[in-house]
Structure formats: C-alpha cells, structure tokens
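Asks: missing the sequence, but the structure's below:
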Ligand SMILES: Nc1nc2c(ncn2[C@@H]2O[C@H](COP(=O)(O)OP(=O)(O)O)[C@@H](O)[C@H]2O)c(=O)[nH]1
Ligand SMILES: Nc1ncnc2c1ncn2[C@@H]1O[C@H](COP(=O)(O)OP(=O)(O)O)[C@@H](O)[C@H]1O
C-alpha cells in the first residue's frame, strides 16, 4: 500500500516544505518476548505513531479492553469482515483468527501518521506484497528460552496448556527472523525501548519517505 503524501503544512517532521509518508512499523516475536510491552511504551513516548488494533476470535485476557487491545469478535463476524475485504491481512495463530482492519490503517497513513502493528510472520508476508518500502519490520527475540518461559508464566493469564503450546509455537515463529529488517533482543526493557525508538527515528529520515525534498533543496540552493 502506498500512502499519499500529507500536505506540507501538516509535515509530521515539523519542517514546512518537507512532508513524509506514514510508515508501517511491524513488531513480531514469539509469544511472550515482549511485543505488547514494547508497543505500549512506544505509543506512550511517541505522539506520531498509532496502533493498528487487530480483530481476533481469541477470548479476552483479564484486563484486556475491547477496542483497545483487540476487537474481540466471533468467527462469523471475522469471516464476514474478511469476505468484505475489510482486512489488510489475516492469519490463524494458536487456533484463533487474527486480522488487521483496513480502514484505520489507510486513514492514518494517508494523513502522515505512522502505524504500529503487532502481527505474526504470516501477516508480514501478506503486507509485504502491498506495502513495499512503507513497511519497517522488527523482530523481537527473548534473551533465552528460559526467559521466554518465565515471561509466559509470569504473565499468569494463560493456562499451563496454553503456555506449552506457545513455547512450541515460539520455535516456528523464530524460524522467520531473517525476513525482518531489524532484531532486538529484549533483555533490558529500557534499552529495547531506546533501540526501537532509534529505529523509528532513523527510518523516518530516509530520503525515500520524504516528499517535497527536491523542491526544498532547490529553494535552499537558490537562496545561497
Ligand atoms: N497476522 C496477524 N497476526 C496477529 C494479529 N494480531 C495479533 N497477531 C499475532 O498473533 C499472535 C498471538 O497474539 P496474542 O494472542 O495476543 O498473544 P501474545 O502475542 O502472546 O500476546 C502474536 O504473534 C501476534 O503478533 C493480526 O492482526 N494479524
Ligand atoms: N525486557 C523484559 N524483561 C522482563 N520481563 C519482560 C520484558 N519485556 C516484557 N516482559 C514481561 O514478559 C511478559 C510477556 O510480555 P508481553 O509484552 O505480553 O509479550 P508478547 O506481547 O510478545 O506476548 C509480560 O509479563 C511482560 O511484563
């Protein structure tokens, strides 16, 4: 998906004359590595990125809020959305359906806002076909298998059986690390957050994302 450029006056990088297309920042990891925690931190620390809230048929965990963490839907509703073309991508993970609603993402990108996605490798593959250079893919790894299991258990929101299935699923997810642009080993949370922020800041400055750049430089040139 190629988002159209926002007007210069709304330039998210704060420079009149230099606007930018919104980018799609994707986080994937084995379950329990820390995507949700890192996403929340990034959303709290950066005003120009907005979360893509997925739809899922999974049951809400204690504390999860409908419309904020996920849109919790039943299977018929999910299939209706998919059939209507309302999902940018979708996948089955641990026996549940997940998908990305299309309209909010398109609206955010076209107004120059960046969008954060917490989706798995299957979703990344589908988005890659349309997003091209607009997508920045970050893979989060746990420091060790023991840490991963500890985190899944410490979250204390899933049964033993669910934790076991997620540990088994981690091996499959990890096999896809090479399809991503960046790797963060989420050991120290502060450091991981700083790294994610650095990735986002650098990606925002890529020449290919800026619109109006040649006019801006031409103006500077003429004034010299
Ligand atoms: N493809 C795709 N994957 C999703 C979507 N939403 C969530 N996921 C992935 O589904 C997996 C399970 O998510 P969840 O049940 O919230 O468990 P958690 O990752 O352990 O918090 C994770 O790998 C998510 O990244 C989506 O809209 N599309
Ligand atoms: N760097 C970290 N160090 C220690 N615990 C962490 C770290 N990052 C996340 N956690 C904890 O690990 C558990 C799983 O994190 P979560 O963000 O829900 O993972 P995911 O969304 O990838 O499944 C949570 O209890 C969270 O507080």
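Replies: Received the coordinates, thanks. Small disclaimer: the values here were computed from a predicted structure and weren't measured. Ligands and ions are numbered 1, 2, ... in the order given.
Asks: Please report how far the residue of the chain found nearest ligand 1 lies from ligand 2.
Replies: Each residue of the chain has a distance to ligand 1, by CB to the nearest ligand atom, and the smallest belongs to residue 123, at 2.5 Å. Using the backbone N, CA and C atoms, a C-beta is placed for each residue, glycine as well. Counting by CB to the nearest ligand atom, to the nearest Å, the gap from residue 123 to ligand 2 is 14 Å.
Asks: The nearest residue to that residue once chain neighbours are set aside: what's it in contact with?
Replies: Leaving out its chain neighbours, the residue that sits closest to residue 123 by CB to CB, 6 or more residues apart in numbering is residue 89, at 4.4 Å. Under the criterion of CB atoms under 8 Å, 6 or more residues apart in numbering, the neighbours of residue 89 are 99-100, 119, 122-123, 126-127.
Asks: Among the residues you listed, which one lies nearest to residue 206?
Replies: Of all the contacts of residue 89, residue 127 has the smallest distance to residue 206: 18.1 Å, by CB to CB.
Asks: tell me the centre residue of this protein?
Replies: Nearest to the mean C-alpha position of the chain, counting by CA atoms, centre = their mean, stands residue 117 at 2.0 Å.
Asks: that older thread, please identify which helix or strand holds the residue nearest to residue 123.
Replies: Residue 89 is part of strand 87-93, with elements assigned from DSSP states H and E.
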